[in-house]
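>>> okay, sequence plus prediction incoming.
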Amino acid sequence: MNVSSHALNRAEAALLDLDLEALRSLVAEALVTTPKVEVFETLVAPALERIGRSWEEGDLALAQVYMASRLVERIVEEHLASGQLAHRSQPPIAMAVLEDHHILGKRLVLASLRMGGWAVSDWGVVSDPVLLAERAHAQGLGILLISTLMDRSARRVAEVVRTLKALGASTRVVVGGAPFRLNPELCREVGADATAAEASAVPALLERLVGVS
């Protein structure tokens with residue numbers, strides 16, 4: 001889906017104005033020609049990421065980012081219900097948002113994986129990277145998916161990776177979100193095993209990680 005700058009501006013304005021009806025209208029227009037996950041990846045997610053960057057640059061209050069995220073949460077709940085899980089041989093997998101109070105990236109990835117038959121536990125928002133790693137180790141996770149919106153949160157993935165190594169865990173860490181798309185080297189810098197630029201690419205990435213043909 002090719003999204004115009006005008007459409008992105010409208011989506012960003014709707015989020016900042018907390019205008020749910022305007023956002024609904026934009027999404028409805030896009031859904032006429034584009035699949036759901038792609039609409040959220042190419043229209044709603046970039047608008048929310050713009051707002052996150054504005055906060056990092058000091059142009060917005062954190063409360064504005066939080067409220068915009070809650071608006072996105074509302075519309076995601078309306079459109080992206082969990083799909084049926086197919087039977088699949090896989091290691092235990094969980095996904096969490098690290099520190100940031102947003103759910104869009106996580107919900108897009110979960111929807112994409114569940115539609116593809118992957119069973120993934122949703123751990124919501126976790127603010128402490130050490131506790132996240134300890135939980136992953138305690139539950140014997142094979143793969144931990146971490147979503148971030150802000151650069152600061154993305155860099156804290158390094159604490160998760162260090163703690164997992166200190167615990168002797170074999171959990172693989174897969175990261176995603178705007179900071180990793182904008183800086184291709186960041187995944188390596190924080191010690192993660194892999195990243196995907198889009199939610200729709202995550203199922204194939206997991207196939208490779210677990211060696212499923």
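Yes, it's here. Numbers count the residues shown, from 1 in each chain.

>>> from here on, contacts and neighbour counts on C-alpha atoms
OK.

>>> in the lengthiest helix in the chain, what's buried?
In the chain, taking DSSP state H as the definition, the longest helix is helix 62-79. Applying a neighbour-count criterion of 16 or more other C-alpha atoms under 10 Å, one finds 62, 64, 65, 66, 67, 68, 69, 70, 71, 72, 75, 76 buried in helix 62-79.

>>> how distant is it from the center of its chain?
13 Å (C-alpha atoms, centre = their mean, to the nearest Å).

>>> what's next to it, contact-wise?
Applying C-alpha atoms under 8 Å, 6 or more residues apart in numbering, the external contacts of helix 62-79 come out as 15-16, 18, 20, 24, 36, 44, 48, 51-52, 55, 101-104, 107.

>>> low-scoring stretches of this structure, by residue?
For the chain, the stretches flagged by pLDDT under 70 are 1, 80-88, 101-103, 115-116, 212-213.

>>> show me where it has helices.
Under DSSP H, the chain gives helices at 5-16, 20-31, 36-39, 45-56, 62-79, 104-115, 129-138, 151-155, 157-167, 178-182, 186-189, 202-210.

>>> what's the distance between residue 210 and residue 17?
Distance of residue 210 to residue 17, given as C-alpha to C-alpha, to the nearest Å: 43 Å.

>>> meant to ask about residue 46, not that
16 Å.

>>> between these two, which one's more packed in?
Neighbours of residue 46 and residue 17, each counted by other C-alpha atoms under 10 Å, are more numerous for residue 46; the result is 18 against 13.

>>> residue contacts, the more buried one?
With contact set as C-alpha under 8 Å, 6+ apart, residue 46 has these partners: residue 8.

>>> again, but for the one 10 residues further on
Neighbour list for residue 56: residue 150 [criterion: C-alpha under 8 Å, 6+ apart].

>>> pretty sure residue 210 contacts residue 90?
Yes. Residue 210 lies in contact with residue 90 (C-alpha atoms under 8 Å); the separation is 7.2 Å.

>>> next, give me the two most distant ones among the contacts of helix 62-79.
36 and 55 (27.5 Å; C-alpha to C-alpha).
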